[in-house]
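[1] what's the 3D shape of this:
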Amino acid sequence: RRRHTHRQTDRQADTQTDRQTDRVLGLSPFFVCVFSSDFPKELQIFDSPCVKCCCPAPPPKISDLMNDKDLLDLLRLKLDPNHCTVKNWKNFASRWGMSYDELTLLEHRTQGSLVHSPTQEFLLRYNQKSVSELSELCRFYQRIDVLRLLQSWMEKDWPSRWQHTH
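    Down below sits the predicted model:
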């Protein structure tokens, strides 16, 4: 019995020290568990709503940005137009492996359509690629306007969109 009481006292002291440390750091016990990678996986899984808000959003895929109509409209405005000196959806699609015949077919299929956009079709085809890969294309083709748009979306909009769906 004494041993049991002694163990219990040690455990209580450890718990009290942990709580004091958490208070000093301004953390709740949930936050400590979430951010610690030292815990086994079983201890990292919680049903607490607190955990959901603390998990960082994963890197977005193109399929994620396709759900943002405002962003998609802006991308269409920037990448749909043909201009001899400005790289557009065709350059991006070609770089990712779309053949000349596929580009031509896509261009003819979407020409004059208010509903279908070649940019949207191109993004739909490559929707499992990451937004970071799309950003790299923007850098490669020096489309800084599109790059800034994507970066802003990834920093500001994507985390809150991800939280609302998860």
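[2] Next up, the contacts around Ser135.
    Contacts for Ser135 (CB atoms under 8 Å, 6 or more residues apart in numbering) come out as Leu147, Leu150, Gln151. In short, each C-beta sits where N, CA and C put it, glycine included.
[3] If we use 6 Å, what do you get?
    Leu147, Leu150 (CB atoms under 6 Å, 6 or more residues apart in numbering).
[4] So which elements touch the host helix or strand of Thr119?
    Using DSSP states H and E, Thr119 sits in helix 118-125. Counting contacts by 3 or more CB pairs under 6 Å, 6 or more residues apart in numbering; DSSP states H and E, helix 118-125 packs against helix 69-79, helix 89-95, helix 100-110.
[5] can you dump the C-alpha coordinates of the last one into CSV?
    In other words, helix 100-110. The C-alpha atoms that make up helix 100-110 are tabulated as CSV, following Å, rounded to 0.1, in the frame of the first residue of the first chain:
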residue,chain,number,x,y,z
TYR,A,100,-0.2,19.5,-79.7
ASP,A,101,-3.3,17.6,-80.9
GLU,A,102,-4.8,17.6,-77.4
LEU,A,103,-4.1,21.4,-77.0
THR,A,104,-5.7,22.1,-80.4
LEU,A,105,-8.8,19.9,-79.6
LEU,A,106,-9.2,21.6,-76.2
GLU,A,107,-8.9,25.0,-77.7
HIS,A,108,-11.5,24.4,-80.3
ARG,A,109,-13.8,22.7,-77.8
THR,A,110,-13.8,25.7,-75.5
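[6] hang on, Phe89 packs against Phe122?
    Heads up, residue 89 is Trp, not Phe. Yes - Trp89 is within contact range of Phe122, at 4.9 Å (criterion: CB atoms under 6 Å).
[7] Any stretches of this structure with poor pLDDT?
    1-54, 114 (pLDDT under 70).
[8] Quick check: phi and psi on Trp153?
    phi -60, psi -40 (degrees, to the nearest 10).
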